[in-house]
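Asks: have a look; sequence and predicted model below, questions after that.
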Amino acid sequence: MAIEITRPGKYSLIVSTPVMPAAGTLGFADSYKAMIDYEKLGALVTNPVTLDAWNPAAGTRMIPLDAGILLHTGLPNPGLSKVIRRYRKTWANMPIPVILHLVGATAQHIERASGLIDEVDEIAAVELGLSDDLDEADALALVRAAAKMEKPLLARLPFYECCQFALPIAEAGADALVLTAAPRGTARDRHSGRLVSGRIYGPLIKPMILRMVGRLRREIPEEIPIIGSGGIHSPADARDYIEAGAVAVQVDTATWAQPKMLERIARDLGGWIATRHKDALLDEWNPDMGHTEALQRRARTPSGDAGANQGGR
Amino acid sequence: MKESQAYIERIKRVNRDFQRLDLAVDQSLSHLLAGQALLARRIEKDYDAERWEPYLRDLWFPVDIHASNILTIELPAREQFAPGQLLSLIGPVGQPFRFRQKLRNILLITYHSPPTPLLLMLPYLLERQVSVTMVLMGSARQYGTDHLPSEVEIIVAEDNLTWNDMVMTLGWADQVFAAVGPGDELSHFADIMRLMRDRRNEVPVNYAFGVLQRPLPCGVGACHACMLNLRGSQKLQCLDGPAFDLTTLRLN
């Protein structure tokens, strides 16, 4: 199976399964090699990397919530040069493409990082993480700087400005849109008694981002792929994103709770997408998503958007 | 490290506030050493019946390992379990405690934390004729110790974190392990270091170790949420911990 998850062109990224980890969940390389068969994934998205080293956040970094967590790590990383030096060999031996998640405060940072990244063949693509603090002009400047790279560019949109930023960012040179970064929130740490801000993860995030995926799939040109990310905790969750118009999905913190779930979702969607794209024979279909169920789902879909998007691909 | 299944074989109340769970575990976990932990999650037989509350795995420090793959965990009695409950375990998480070769006397300090992370070392130390003293400080003073081996000397500290013969105890110990509760761990470690510095001329390297029990999101070194700033380096609690030399931890 071959799925193009960035827009067609000179630099496009093709994966074999439309499932990958979200940035920050699987580490920089093969931290989960004892528990996950990486070969079953579409790609590895690395932890966030910045041009210079970033230290971990001070104080409480994780607060359990009802069916979820609030996380504030500070995106610790040793800086781009060290990350490349440490993990390049491992990336070269990985059976899947590596997407480096790049974070930068200014266009100059991104341009300097781009120069380093372009020289690393082991990095198949770059996912640019756009902070919630950016206004549209700053976000576009970062995307334009990153788009100069000779690698496919995925832009991970901020949660709150997602619908507003999507089209301008695609026009500025992003080859795919990742919807979205986890929303931010504040919760009280019961141990220290302090309020802590961070990103919110959990199953409840999915309905919000799923709606954005459906809406943007209708609003932006079809040649710009959308990757759905947020709140995926089962194969059914992932299929919902595909039904809403995403070409692939990213699974985040569910992997920490149940490491095998990521692989299971990848196997499941791998089968289903093969059916959709290649007109596979019945016995090649994923057993969890049989012919009958597929037809029922299509029949259930109101004459609206999700079904139309599916059929359109 | 790997993910394996286990089930609760027996549950026993050991004091007013704590219960012990005997787990039938995978063979690979019966070689676990003091300091190493497990990331545990209750699971159902039907994989699709996954529930996400609680969301992440709990960090469990075994307190005893029996023959035939039975591992004992000590947990607050308010947490409800039933024999036969299936569990998914990821482990072993972390590195074993490193004891001095000629260890004769060891001081264990628990401060606002039950001594759970320190209990698995007791059979090993007592078998080697090491004298063990355990000091309970802060809310740890409420911990009932009747079920612990009688060879362990128990000291309950005063409100001001002192105890009788404190200078002698600290001078007598060849090594100190201190467990503090999650939350303000670093400030609690700083309190303990202050106690030791006030009563010793210096705290040497590889003498006092702080044992961290922060909840671990991934436990395999992927999320970096448990990263610590040490003097001259950064370490991960899940891969390099849970014990860190208190002279190298940046406690401010």
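Replies: Received it, and whenever you're ready, just let me know what you need.
Asks: so where do the strands sit in the stretch 151-252 of chain B?
Replies: All strands of the stretch 151-252 of chain B, identified by DSSP state E, counting those that start in this stretch, fall at B:153-156, B:175-180, B:208-211, B:227-230, B:233-236, B:243-245.
Asks: need the contact partners of the shortest one.
Replies: Think strand B:243-245. Contact with strand B:243-245 is made by B:35, B:95, B:97-98, B:177, B:205-206, B:208-212, B:228, B:230, B:235, as judged by Cβ atoms under 8 Å, 6 or more residues apart in numbering or on different chains. For every residue, glycine as well, the C-beta is placed using N, CA and C.
Asks: list the buried residues for that strand?
Replies: B:243-245 (16 or more other Cβ atoms under 10 Å in any protein chain shown).
Asks: low-confidence ranges in the stretch 1-150 of chain A?
Replies: Counting by pLDDT under 70, the stretch 1-150 of chain A has no low-confidence residues at all.
Asks: before we move on, back to that, okay if I get the strands of the stretch 151-252 of chain B as a markdown table plus distance to A:Ala181?
Replies: Shown next, in a markdown table, are the strands of the stretch 151-252 of chain B (distance: least, Cβ to Cβ, whole Å):
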| stretch | distance to A:Ala181 |
| --- | --- |
| strand B:153-156 | 49 |
| strand B:175-180 | 34 |
| strand B:208-211 | 34 |
| strand B:227-230 | 21 |
| strand B:233-236 | 24 |
| strand B:243-245 | 32 |
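Asks: any idea which of the ones you listed is most buried?
Replies: Among the strands of the stretch 151-252 of chain B, ranked by average contacts under mean count of other Cβ atoms under 10 Å in any protein chain shown, first place goes to strand B:208-211 (a mean of 26).
Asks: measure B:Val203 to A:Ala53 for me?
Replies: Applying Cβ to Cβ, to the nearest Å, the value for B:Val203 to A:Ala53 is 29 Å.
Asks: tally up the residues packed near the residue of chain A at minimum distance from chain B, please.
Replies: Closest residue of chain A to chain B, Cβ to the nearest Cβ: A:His191 (2.7 Å). Other residues near A:His191 come to 16 when the count uses other Cβ atoms under 10 Å in any protein chain shown.
Asks: what kind of secondary structure is it in?
Replies: Of the three states, A:His191 takes coil under DSSP: H, G, I helix; E, B strand; the rest coil.
Asks: so what does the residue lying closest to it once chain neighbours are set aside look like in phi/psi?
Replies: Distance criterion Cβ to Cβ, 6 or more residues apart in numbering or on different chains; nearest residue to A:His191, sequence neighbours excluded, is B:Gly183 at 2.7 Å. When read as degrees, to the nearest 10, the backbone of B:Gly183 gives phi 120, psi -110.
Asks: so who does B:Gly183 touch?
Replies: Contacts for B:Gly183 (Cβ under 8 Å, 6+ apart) come out as A:60, A:189, A:191-192, B:112.
Asks: can you list those in a markdown table and add distance to B:Ala24?
Replies: Putting the contacts of B:Gly183 into a markdown table (distance: Cβ to Cβ, whole Å) gives the following:
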| residue | distance to B:Ala24 |
| --- | --- |
| A:Thr60 | 35 |
| A:Asp189 | 35 |
| A:His191 | 32 |
| A:Ser192 | 37 |
| B:His112 | 32 |
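Asks: ok, those vs A:Lys260, which is closest?
Replies: Nearest to A:Lys260, judged by Cβ to Cβ, of the contacts of B:Gly183 is A:Thr60 at 28.8 Å.
Asks: show me the contacts for that closest one.
Replies: Shown in contact with A:Thr60 (Cβ under 8 Å, 6+ apart): A:72, A:189, A:191-192, A:194, A:196, B:183.
Asks: over to A:Ser12?
Replies: Going by Cβ under 8 Å, 6+ apart, A:Ser12 touches A:4, A:6, A:152, A:175.
Asks: grab the nearest non-local neighbour of the last one.
Replies: Nearest non-adjacent residue to A:Asp175, counting by Cβ to Cβ, 6+ apart: A:Thr6, 3.7 Å away.
Asks: tally up the residues packed near the one you found, please.
Replies: Neighbours of A:Thr6 under the rule other Cβ under 10 Å: 24.
Asks: now B:Arg16
Replies: 9.
Asks: could I get the phi/psi values of the residue nearest to it when sequence neighbours are not counted?
Replies: In this structure, B:Arg16 finds its nearest non-sequential neighbour in B:Gly144, 5.6 Å apart by Cβ to Cβ, 6+ apart. Here is the backbone geometry of B:Gly144 (degrees, to the nearest 10): phi -80, psi 130.
Asks: for B:Gly144, give me its contacts.
Replies: By Cβ under 8 Å, 6+ apart, B:Gly144 lies in contact with B:14-18.
Asks: now do the same for B:Leu39: helix, strand or coil?
Replies: Using three-state DSSP, the structure places B:Leu39 in strand.
Asks: what is it paired to in the beta sheet?
Replies: Here B:Leu39 shows beta-bridge partners B:Leu59, B:Ile90, assigned using DSSP bridges.
Asks: pretty sure it sits against B:Asp58.
Replies: Yes. The criterion here is Cβ atoms under 8 Å, and B:Leu39 meets it with B:Asp58 at 7.2 Å.
Asks: higher neighbour count, these two?
Replies: Each of B:Leu39 and B:Asp58 has its neighbours counted (other Cβ under 10 Å); B:Leu39 has more, 27 against 18.
Asks: and that one, what's its pLDDT?
Replies: B:Leu39 carries a pLDDT score of 96 in this model.
Asks: residues contacting it?
Replies: Listed by Cβ under 8 Å, 6+ apart, the contact set of B:Leu39 reads B:57-60, B:89-91, B:93, B:216, B:219.
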